[in-house]
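A.B. asks: Test case, fold it:
(4 chains)
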Number of protein chains: 2
Amino acid sequence: MFRGAAALSLDDKGRLAIPSKYRKSLLLDCEGQMVCTIDIKQPCLLLYPLPQWQLIEQKLTTLSSMNPAERRLQRLLLGHAEDCQMDKNGRILIAPTLRQHADLSKKIMIIGQLNKFELWSEDAWQAQVAADMAAEQEDDLALSDRLQDFSL
Amino acid sequence: MFRGAAALSLDDKGRLAIPSKYRKSLLLDCEGQMVCTIDIKQPCLLLYPLPQWQLIEQKLTTLSSMNPAERRLQRLLLGHAEDCQMDKNGRILIAPTLRQHADLSKKIMIIGQLNKFELWSEDAWQAQVAADMAAEQEDDLALSDRLQDFSL
DNA sequence: TCTAATTGTGGGGATTTGTGGATAATTGTG
DNA sequence: CACAATTATCCACAAATCCCCACAATTAGA
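C.D. replies: Below is the predicted model of the structure:
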């Protein structure tokens, strides 16, 4: 499972070097084959090892194409999904369309989130963290059931 | 289970020597592998032996990435989680980002908290203790159900 | 009180990693 | 079929990281 954040940079060709601590497990899990798509709630990209992505695809097929919200989710996720193959140096190429969605320029953050990575522009990530921290400081009167009993 | 507080110092490279009374059990439990992340309510860091951390990760996987509050918790905890491996001298390296979050400079407190440690700057720790003591002096009109029945 | 052992601290050097650029291969197009 | 444009592979340098050794300080024991 992936965790942690790392700063790295997109080069002129749009290549992104995966931090070496993740490379070994990616080669084992999926021989470097990944799928990148957009996040529908935040200005970031989601990067899945192929097996993890296939689970998502399965779930998506169970959604009804009659329900507009579910249909929309399918269209957004599948429509933006791009195959990414790690090269011999542990780098992947991010398609221009995707780069645009997350406003990725030179300075990038890659964030491990268990079954996937999130890709953020450095500025957007810092803004997000600040916003998240601020939200956590407030008294959450209506915490979800799952969070009520969450102990760290 | 860990308890007690100890003062120690970060060296120039950001390394922290774990007090020797904890080292043996850490080597047994997890061969010195730990995970450090931020505390979302307080300016301190949380340091878990790997097995303890994995329990947290399991709980995090049950949360929905559609619910904003649950997603926020995942992002903050996982996004700031760093692997820490004790070196031959019983030291761990604290990443710069984490140091910054808890405002850690030279003088540090490490606090045993059962399944984890807390890392505080010495100043912040003393302020926190004072604040906690003051809070306990007040009449707590709205004690939680669990505290109502708590006897020491 | 002196010695020995353990713990805390500092620093040098080898290795790995991230990044940029050059060359080779492949694809698409006229 | 040839040429251009894009993509992949390889190489090299610089920077950061890790690993090991050495010394100081403290504690414990004789």
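A.B. asks: residues in chain A within reach of chain B, list them.
C.D. replies: Contact residues of chain A with respect to chain B, defined by Cβ under 8 Å from any Cβ of the partner chain, are listed as A:1, A:3-5, A:21, A:41, A:111-115, A:118, A:128-129, A:132-133, A:135-137, A:140, A:143-144, A:146-147, A:150, A:152. C-beta: built from backbone N, CA, C; applies to glycine.
A.B. asks: Quick test: name the residue nearest the centre of chain A.
C.D. replies: In chain A, the centroid-proximal residue (Cα atoms, centre = their mean) is residue A:46; its distance is 2.1 Å.
A.B. asks: for it, helix, strand, or coil?
C.D. replies: In terms of secondary structure, residue A:46 is strand; the call rests on DSSP: H, G, I helix; E, B strand; the rest coil.
A.B. asks: wait, what's in contact with it?
C.D. replies: The contact partners of residue A:46, by Cβ atoms under 8 Å, 6 or more residues apart in numbering or on different chains, come to A:36-39, A:116-119.
A.B. asks: Those into a markdown table, with extra columns for secondary structure?
C.D. replies: Conversion of the contacts of residue A:46 to a markdown table gives the following (three-state DSSP):
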| residue | secondary structure |
| --- | --- |
| A:36 | strand |
| A:37 | strand |
| A:38 | strand |
| A:39 | coil |
| A:116 | strand |
| A:117 | strand |
| A:118 | strand |
| A:119 | strand |
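A.B. asks: and of those residues, the nearest to DNA strand D?
C.D. replies: Lowest distance from DNA strand D to these (Cβ to the nearest atom of the strand) belongs to residue A:36, with 12.9 Å.
A.B. asks: how about the strands in chain A?
C.D. replies: Listed in chain order, the strands of chain A (DSSP state E) span A:2-9, A:15-17, A:33-38, A:45-49, A:82-85, A:91-93, A:107-114, A:116-121.
A.B. asks: got the CA coordinates for the fifth one in CSV?
C.D. replies: Extracted as CSV, the C-alpha positions of strand A:82-85 are listed here (Å, rounded to 0.1, in the frame of the first residue of the first chain):
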residue,chain,number,x,y,z
GLU,A,82,-4.9,6.9,-20.1
ASP,A,83,-2.5,3.9,-20.0
CYS,A,84,0.9,4.7,-18.6
GLN,A,85,3.9,2.4,-18.9
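A.B. asks: now what about that strand, what contacts it?
C.D. replies: Strand A:82-85 is contacted from outside by A:32-37, A:47, A:92-95, A:98, using Cβ under 8 Å, 6+ apart.
A.B. asks: Neighbour count and distance to residue A:63 added to the residues you listed, as JSON lines?
C.D. replies: Written out in JSON lines, the entries for those read as follows (neighbours: other Cβ atoms under 10 Å in any protein chain shown; distance: Cβ to Cβ, whole Å):
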{"residue": "A:32", "neighbour count": "20", "distance to residue A:63": "29"}
{"residue": "A:33", "neighbour count": "18", "distance to residue A:63": "24"}
{"residue": "A:34", "neighbour count": "22", "distance to residue A:63": "23"}
{"residue": "A:35", "neighbour count": "21", "distance to residue A:63": "18"}
{"residue": "A:36", "neighbour count": "24", "distance to residue A:63": "21"}
{"residue": "A:37", "neighbour count": "21", "distance to residue A:63": "15"}
{"residue": "A:47", "neighbour count": "26", "distance to residue A:63": "22"}
{"residue": "A:92", "neighbour count": "21", "distance to residue A:63": "28"}
{"residue": "A:93", "neighbour count": "16", "distance to residue A:63": "30"}
{"residue": "A:94", "neighbour count": "22", "distance to residue A:63": "27"}
{"residue": "A:95", "neighbour count": "15", "distance to residue A:63": "25"}
{"residue": "A:98", "neighbour count": "21", "distance to residue A:63": "22"}
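A.B. asks: Write out the residues of chain A neighbouring DNA strand D.
C.D. replies: Applying Cβ under 7 Å from any atom of the strand, one finds that chain A approaches DNA strand D through A:13, A:85, A:87-89, A:91, A:93.
A.B. asks: Of the residues you listed, just the buried ones, PyMOL syntax please.
C.D. replies: What follows is the PyMOL syntax selecting those of the residues of chain A next to DNA strand D that are buried according to 16 or more other Cβ atoms under 10 Å in any protein chain shown:
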select buried, chain A and resi 91+93
